[in-house]
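S.K.: just coords:
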């Protein structure tokens, strides 16, 4: 198995013999899409995935929910502390489709800003469609202690992430 690295907004067509001719599975997990913050970024990402996805192949990705964005990026109460580091939200009003910032700092951690965008379900579906992909499944993901729970119905406030599975659109 080979692993590649690159900017998901500018994925080139894979050259035959470089990796595989096309991929059966593309994973974009743990906030990849949320770090794409500009209009058109999702379409560019999904177009590159579509170019490199084998017929019958799948793309699996997640998107942070509005509830998670509010808890992690909200102003006064938005923040986390774990061990020696602190994540502090810098947003005032967290709204669907908005872009938000938080500062990560702590001993031994150079303070830096993380910028993420909340993508609505409608924006994600439109970007998939524009790229020739379709949504095959959508699941809500939340945690209960040490357990991860997947639900057939995703909820922007109950769940922390929405898991999507996509593939080439049937013509």
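M.R.: Nice, thanks for sending it over. What you see is a predicted model, and the numbers here were worked out from it, not measured in a lab.
S.K.: what sits up against stretch 131-140?
M.R.: Contacts to stretch 131-140, defined as C-beta atoms under 8 Å, 6 or more residues apart in numbering, come from residues 43, 46-47, 49-50, 53, 58-59, 65, 121, 124-125, 128, 150-155, 158-159, 161-170. For glycine as for every other residue, the C-beta is placed from the backbone atoms N, C-alpha and C.
S.K.: quick one: name whatever helix or strand follows the lowest-mean-pLDDT helix or strand in the chain.
M.R.: Using mean pLDDT, DSSP states H and E, the weakest-scoring helix or strand in the chain turns out to be strand 79-82, at a mean of 66. Remark: after strand 79-82, the chain's next helix or strand is strand 85-89, criterion DSSP states H and E.
S.K.: buried sites along that next one?
M.R.: Of all the residues in strand 85-89, those buried under the rule 16 or more other C-beta atoms under 10 Å are 86-89.
S.K.: so which residues of the protein form helices?
M.R.: 41-52, 66-73, 121-130 (DSSP state H).
S.K.: can I get those helices in a markdown table including distance to residue 9 and mean pLDDT?
M.R.: What follows is the helices of the chain, written out as a markdown table (distance: least, C-beta to C-beta, whole Å; pLDDT from 0 to 100):
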| stretch | distance to residue 9 | mean pLDDT |
| --- | --- | --- |
| helix 41-52 | 4 | 94 |
| helix 66-73 | 21 | 90 |
| helix 121-130 | 12 | 98 |
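S.K.: for those, which one sits closest to residue 103?
M.R.: Among the helices of the chain, the nearest to residue 103 by C-beta to C-beta is helix 66-73 (10.4 Å).
S.K.: what helices and strands are in contact with that closest one?
M.R.: strand 85-89, strand 99-106 (3 or more C-beta pairs under 8 Å, 6 or more residues apart in numbering; DSSP states H and E).
S.K.: please name the residues that touch the residue nearest the centre of the chain.
M.R.: Nearest to the mean C-alpha position of the chain, by C-alpha atoms, centre = their mean, lies residue 33 at 3.1 Å. If a contact means C-beta under 8 Å, 6+ apart, then residue 33 has 42, 45, 61-63, 119, 124 as its contacts.
S.K.: any chance of those residues in CSV, plus neighbour count and distance to residue 136?
M.R.: Shown next, in CSV, are those (neighbours: other C-beta atoms under 10 Å; distance: C-beta to C-beta, whole Å):
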residue, neighbour count, distance to residue 136
42, 23, 17
45, 23, 17
61, 24, 12
62, 20, 15
63, 24, 15
119, 20, 18
124, 20, 13
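S.K.: that's all I had, so thanks and see you.
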